[in-house]
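Q: pasted the sequence and its predicted model underneath.
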Amino acid sequence: MTDEPAPFRRLLPGDPASPVILHVPHGSRAVPEDVRADIVLDDRALESELDHITDAHTADIAAAAADRATIRPWRFVNQLSRLVIDPERFPDEREEMLAVGMGAVYTRTTHREPLRRQDFDGTELVERYFHPYAEAMTQAVADRLRAVGRAVIVDVHSYPTGRLPYELHGEGPRPPVCLGTDGFHTPAWLLTAAQKAFGRLGETGLDSPFAGTYVPLRYYGDDARVGALMVEIRRDGYMREPGGPAHHGLDPLAEALAELVEEASRQP
């Protein structure tokens with residue numbers, strides 16, 4: 001476990017002219033000691049859960065893509081595990097994952113076993129972590145809008161080769177790269193650019209097994225200047241599952257992500 005990083009999220013600067021924010025929300029395994037105290041798993045079981053729930057090496061993929069881009073994107077990286085809070089969930093009853101104990105604060109594991117007490121009150125974690133994270137991401141988008149008049153959020157995720165019990169919509173295809181879209185915030189050019197970039201590595205799918213993308217609520221469904229796309233990478237393409245090291249597949253994925261960043265940066 002770990003002491004809480006300060007800050008627990010990082011905005012890594014890019015080119016002032018870049019509209020692109022690579023968002024890496026689920027790549028950390030860090031759990032502060034006081035948060036660990038409310039998790040009912042023993043240490044071995046917790047490490048196993050982190051193997052399954054963490055989008056391992058996604059921060060490395062984003063960093064490598066940023067290094068390759070001629071117009072460097074900005075990167076917003078969560079420094080804490082999603083077992084602390086999940087910044088991409090709704091913090092209220094709108095969140096469908098509450099059905100499996102995985103709202104903004106998880107009470108169940110990927111295998112639907114108890115993670116915290118079912119009656120655990122996550123209000124303090126939401127106030128301490130979720131809202132400040134959301135405010136910082138909102139500010140990052142606002143800064144891009146002021147600087148260049150638009151923002152493009154590319155969510156960098158990964159997912160396991162085999163369906164895990166917590167997945168509500170995991171019965172569909174599980175392609176090497178799944179592209180999650182939003183009817184309002186994902187313009188056709190962005191989806192086409194992603195299909196071209198990642199299509200060179202194999203099949204790309206659309207909104208299966210995971211759909212949608214992340215946009216701060218201030219802009220969600222209201223401001224078309226904010227574009228967004230989720231890139232979900234199947235883990236066998238770049239790492240040893242469930243929580244092992246990266247392999248040779250990481251570099252081609254970083255190249256493809258850099259190509260997508262380049263196209264997003266060139267759009268008017």
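A: Structure's in. What do you need?
Q: now the strands for this protein?
A: 9-12, 20-24, 74-78, 151-159, 177-180, 204-206, 226-234 (DSSP state E).
Q: would you tell me which one of those is buried the most?
A: Mean neighbour count (mean count of other CB atoms under 10 Å) peaks for strand 20-24 among these, with a mean of 27. The way it works is simple: take the backbone N, C-alpha and C, and place the C-beta from them, glycine included.
Q: what about Phe120, neighbour count?
A: 17 (other CB atoms under 10 Å).
Q: so how far is Val105 from it?
A: Going from Phe120 to Val105 by CB to CB, to the nearest Å gives 7 Å.
Q: how about Glu88?
A: Distance, Glu88 to Val105, using CB to CB: 13 Å.
Q: and what of Gln139?
A: 23 Å.
Q: neighbour count: these two, which is higher?
A: Each of Gln139 and Val105 has its neighbours counted (other CB under 10 Å); Val105 has more, 26 against 13.
Q: mind checking the backbone torsions on the more buried one?
A: According to degrees, to the nearest 10, the main-chain angles of Val105 amount to phi -120, psi 120.
Q: contacts only, for the nearest residue to it once chain neighbours are set aside.
A: Nearest residue to Val105 in three dimensions, chain neighbours excluded: Gly122, at 3.0 Å (CB to CB, 6 or more residues apart in numbering). Neighbour list for Gly122: Ile85, Gly103, Ala104, Val105, Thr107 [criterion: CB atoms under 8 Å, 6 or more residues apart in numbering].
Q: do the same with Tyr220
A: If you count contacts by CB under 8 Å, 6+ apart, then Tyr220 has His185 around it.
Q: same question for Leu22.
A: Ala62, Ala65, Ala66, Pro73, Trp74, Arg75, Phe76, Val154, Val156, Leu257, Val261.
Q: where's stretch 34-50 relative to the chain centroid, distance-wise?
A: 21 Å (CA atoms, centre = their mean, to the nearest Å).
Q: which residues are contacting that stretch?
A: So stretch 34-50 is in contact with 1, 29, 31, 81, 83-84, 109-110, 114-117, 120, 125, 242-243, going by CB under 8 Å, 6+ apart.
Q: if we go to 10 Å?
A: Residues from elsewhere that reach stretch 34-50 (CB atoms under 10 Å, 6 or more residues apart in numbering): 1-4, 28-31, 56, 80-85, 105-107, 109-111, 113-117, 120-122, 124-125, 128-129, 242-243.
Q: what about the residue of the chain most remote from its centre, distance to Gly101?
A: Going by CA atoms, centre = their mean, the residue of the chain most distant from its centre is Asp119, 26.8 Å out. Separation of Asp119 from Gly101 (CB to CB): 11 Å.
Q: and for those two, which residues touch both?
A: By CB under 10 Å, 6+ apart, the residues touching both Asp119 and Gly101 are Thr107.
Q: for the closest residue to Pro73 other than its chain neighbours, give me the pLDDT.
A: Sequence neighbours aside, Val20 is the residue nearest to Pro73 in space, at 3.8 Å (criterion: CB to CB, 6+ apart). Looking at Val20, its pLDDT stands at 98.
Q: try the one 5 residues further on
A: With respect to pLDDT, Pro25 scores 98.
Q: quick one: residues contacting it.
A: Taking CB under 10 Å, 6+ apart, we find Pro25 in contact with 9, 55, 58, 76-78, 80, 82, 86-88, 133, 137, 155-157, 214.
Q: please redo it, this time with the cut-off set to 7 Å
A: For Pro25, the contacting residues are Asn78, Pro87, Glu88, by CB atoms under 7 Å, 6 or more residues apart in numbering.
Q: in a markdown table: those, plus distance to Gly172.
A: Listed next are these as a markdown table, based on distance: CB to CB, whole Å:
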| residue | distance to Gly172 |
| --- | --- |
| Asn78 | 27 |
| Pro87 | 25 |
| Glu88 | 20 |
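Q: tell me which strands the helix or strand bottoming out on mean pLDDT in the chain pairs with, and in which orientation.
A: Ranking every helix and strand in the chain by mean pLDDT, DSSP states H and E puts strand 9-12 at the bottom, with a mean of 94. Sheet pairing of strand 9-12 (DSSP bridges) gives strand 74-78 (antiparallel).
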